[in-house]
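Participant: could you look at this predicted model? Sequence included:
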Amino acid sequence: VGVSESSTIANCHNSGNVLGGYSVGGIVGHSSASTLTKISSSGVVIGSNTVGGLCGETFDSTISKSFFSGSVVGNDPYPTNAGGLVGNFNFSKVTDSYSAANSVIANHASGGSVGGAFGYTVGAEITNVYSAVPTVVGNSKAGTFAGEMTMDFSSFTSNYWDSTINLTTGVGFFDLSTLF
């Protein structure tokens, strides 16, 4: 699905590869005010900016009971936010989901945020999410769980990442500046 607005997507799996430009996901490119339940993807997802195993970008959406087990690649020419679940996770909620991606890679010279589960988050409610990704590669903000987390209007509860399979930090960069 390219764009999902005020929609419900449930019980959906994609095992194919996805190639696109901006807002590229294994199930949804851009999700706005939508509910995504029991979705999964296991292919290779390639995009030039905002790339995720399930969703490229979310805004005011909910993801639950979902997983990704393929690979995510963010290509030049733009700084890319790439995540095993979601590339840009904006003012959205996720529960009971996991990323077991083979790899999440974005190598733009000027950076971007790259994470095993999330590339970049802001205003996120993340609960009971697990990330076990052996290869997370980025030139700026990279982490086994998330590349960058902006903590304003956010909650982070009962989440885990497997540090035994990937020696990078759990979160590449915490932005706490908006809390003070």
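Facilitator: Structure's in. What do you need?

Participant: pLDDT weak spots in this structure?
Facilitator: 109-110, 165-168, 176-180 (pLDDT under 70).

Participant: and for H13, the neighbour number?
Facilitator: By other Cβ atoms under 10 Å, the residues close to H13 number 13. Any C-beta I mention is one placed from the backbone N, CA and C, and that applies to glycine too.

Participant: who's in contact with the spatially closest residue to it that is not a sequence neighbour?
Facilitator: What sits nearest to H13 in space, not counting adjacent residues and going by Cβ to Cβ, 6 or more residues apart in numbering, is S40, at 4.8 Å. S40 makes contact with C12, H13, N14, I27, L54, S66, F67, F68, S69 under the criterion Cβ atoms under 8 Å, 6 or more residues apart in numbering.

Participant: roughly how far apart are the second one and T135?
Facilitator: From H13 over to T135 the distance is 23 Å, taken as Cβ to Cβ, to the nearest Å.

Participant: repeat for the first one
Facilitator: From C12 across to T135, the span is 26 Å (Cβ to Cβ).

Participant: ok, these two, which is more surrounded?
Facilitator: Using other Cβ under 10 Å, the more surrounded residue of C12 and T135 is C12, with 17 against 14.

Participant: need the three-state assignment for that one.
Facilitator: strand (DSSP: H, G, I helix; E, B strand; the rest coil).

Participant: which helix or strand contains the residue nearest to H13?
Facilitator: Element membership of S40 [criterion: DSSP states H and E] is strand 35-41.

Participant: any idea how far L54 is from S97?
Facilitator: Noted for S97: a distance of 8 Å to L54, by Cβ to Cβ.

Participant: so what sits against both of the two?
Facilitator: Listed as contacting both S97 and L54 by Cβ under 8 Å, 6+ apart are I63, S66, L85.

Participant: who wins on neighbours among the contacts of S40?
Facilitator: Most neighbours among the contacts of S40, by other Cβ under 10 Å: F68, with 35 neighbours.

Participant: got a list of what the nearest residue to that one once chain neighbours are set aside touches?
Facilitator: Of all residues not flanking F68 in the chain, G53 sits nearest, at 3.1 Å (Cβ to Cβ, 6+ apart). Applying Cβ under 8 Å, 6+ apart to G53 gives the contacts 25-26, 41, 45, 68, 70, 72, 83-86, 99, 101, 104.

Participant: what's the residue closest to the geometric middle of this structure?
Facilitator: The centre of the chain sits closest to V86, judged by Cα atoms, centre = their mean, with a distance of 2.3 Å.
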